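1. Fold the following and give me the result.
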Amino acid sequence: MVGMTITGSLGVLALFSADYPLGLLLIAASLVYLVAYRIHKLTKDSTLSAAIIVYSLHALTVSLVYSGGVENTGPLWLFLVPPVSLFLHGLKRGLIEISISLSILCLILFLPPDVFGGANYETAFKLRLIIAFITVTFLAACYEYSIEQSYKDTLQASEQFEQLARTDQLTKLCNRRGALTVIEQEQRRMSRNKQAMSIILCDVDHFKKVNDQYGHNTGDAVLISLAETFTQLIRKQDTIARWGGEEFLFVLPETSAENAYILSQKIHQVLQDQLIDVEGIKIAVTVSMGVTEMHGNQAFDEIINQADKHLYEAKRAGRNQTMPKTLSTEG
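-> Reported below is the predicted structural model:
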């Protein structure tokens, strides 16, 4: 809009001054900018409109340098090129485009007049024009570089904060929020490929006794060790989350309840065969688990309630086991 308004106004003034070539050139540039503006408004995509603006501006400024513009003031418009080109096309592409235009300008300015013709400028003016143009380009490039770095730093910080918001700081597993996000994604995929997905809700048996007997630091170390053990037993596409306190949630895509039960038995066996070593203290840990399989668009709250119900069945049955037991005969 700015380019269209300025070039259009200057084009009209040039026509009134009887400078018809310059006036028509500026009016044509104004129409080009109008087309770019309309393309952007209609498509909401700046790629094409930005290219039209940048390349037409390069062509316009080269033409003004060649023709001299009004009383040889055409070269003054050169200084619009660096900020516009770098802003719309970024640092790398913008510098390449500016370098090409600068090479063309140097040919026009410094080759003998009989080669290209055009306006005549003093040598001192031409040298200072090029030096000033390079200086403005350098400053605009520094500014654009700082903007790009600031954007990258902000994006990285945002990603880190988002990661922190979805990660349990003790175990480095997903937290409840992260697990819910994974489940939503997997539910959408499940609805597309019609494959089963199961979850396991796991609770550490008698964890309060560990905290009471050895202290909360030891209890935290036990949770960290369990998280590492669980991570080693699952597949890459599976997710484990610290659901809260001493509870863990396993999200198992493309897994039937029977196969989820098989995984739970592996976990029981591994924990039975190992003691968790915390600063020389050997601690035997067992877990109780509830398994359930998700179907279609079944509400997640319903799924969690089913898994929680099976988990407490396991606890009431004596802990250190997985419910429902009926899965063991099919697994």
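
2. what residues are up against residue 322?
-> Contacts were defined as C-beta atoms under 8 Å, 6 or more residues apart in numbering; by that measure residue 322 touches 200, 261, 264, 265, 268, 288, 289, 290, 291, 310, 314. Using the backbone N, CA and C atoms, a C-beta is placed for each residue, glycine as well.

3. Give me the pLDDT for it.
-> Per-residue pLDDT puts residue 322 at 95.

4. So what sits opposite it in the bridge?
-> Under DSSP bridges, the beta-bridge partners of residue 322 are residue 289.

5. How much space separates it from residue 310?
-> Distance, residue 322 to residue 310, by C-beta to C-beta, to the nearest Å: 8 Å.

6. Return every residue with contacts to both of those two.
-> Overlap of the contact sets of residue 322 and residue 310 (by C-beta under 8 Å, 6+ apart) consists of 289, 290, 291.

7. List just the nearest of those to residue 55.
-> Of all the shared contacts of residue 322 and residue 310, residue 55 sits closest to residue 291, with 62.4 Å by C-beta to C-beta.

8. give me every residue that touches the residue found closest to that closest one once you drop the neighbours it is linked to in the chain.
-> With sequence-adjacent residues excluded and distances taken as C-beta to C-beta, 6 or more residues apart in numbering, residue 291 is closest to residue 260, at 4.8 Å. Counting by C-beta under 8 Å, 6+ apart, residue 260 makes contact with 198, 199, 200, 250, 252, 291, 293, 327.

9. do that again at 7 Å, thanks
-> If you count contacts by C-beta atoms under 7 Å, 6 or more residues apart in numbering, residue 260 has them with 198, 200, 252, 291.

10. Ok, residue 101 next?
-> Under the criterion of C-beta under 7 Å, 6+ apart, the contact list for residue 101 reads 58, 62, 81.

11. And for residue 116?
-> By C-beta under 7 Å, 6+ apart, the contact set of residue 116 is residue 108.

12. before we move on, back to that, return the subset of the contacts of residue 101 lying in helices.
-> Using DSSP state H to define helices, the subset of the contacts of residue 101 located there is 58, 62, 81.

13. Can you turn the buried part of those residues into a ChimeraX selection?
-> Those of the ones in helices among the contacts of residue 101 that meet the burial criterion (16 or more other C-beta atoms under 10 Å) are gathered into one ChimeraX selection, given here:
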select :58,62,81
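
14. sorry, back to before: please report which of the contacts of residue 322 has the highest neighbour count.
-> Neighbour count (other C-beta atoms under 10 Å) singles out residue 291 as the most crowded of the contacts of residue 322, with 31 neighbours.

15. Residues touching the helix or strand encompassing that one, excluding its own?
-> Under DSSP states H and E, the secondary-structure element containing residue 291 is strand 287-294. The contact list for strand 287-294 (C-beta under 7 Å, 6+ apart) reads 190, 196-205, 256-257, 260-261, 264, 267, 271, 303, 306-311, 314-315, 319-323, 327.

16. and what of stretch 7-22?
-> Stretch 7-22 is contacted from outside by 23, 26, 27, 29, 30, 33, 67, 69, 70, using C-beta under 7 Å, 6+ apart.

17. If we use 8 Å, what do you get?
-> With C-beta under 8 Å, 6+ apart as the test, stretch 7-22 has contacts from 23, 24, 25, 26, 27, 29, 30, 33, 60, 67, 69, 70.

18. Report the buried residues of that stretch.
-> 7, 8, 10, 11, 14, 19, 22.

19. Stretch 150-161 now?
-> Applying a neighbour-count criterion of 16+ other C-beta under 10 Å, stretch 150-161 contains no buried positions.

20. and if you look at stretch 176-186?
-> Within stretch 176-186, the residues that qualify as buried are 178, 179, 180, 182, 183, 186, counting by 16+ other C-beta under 10 Å.
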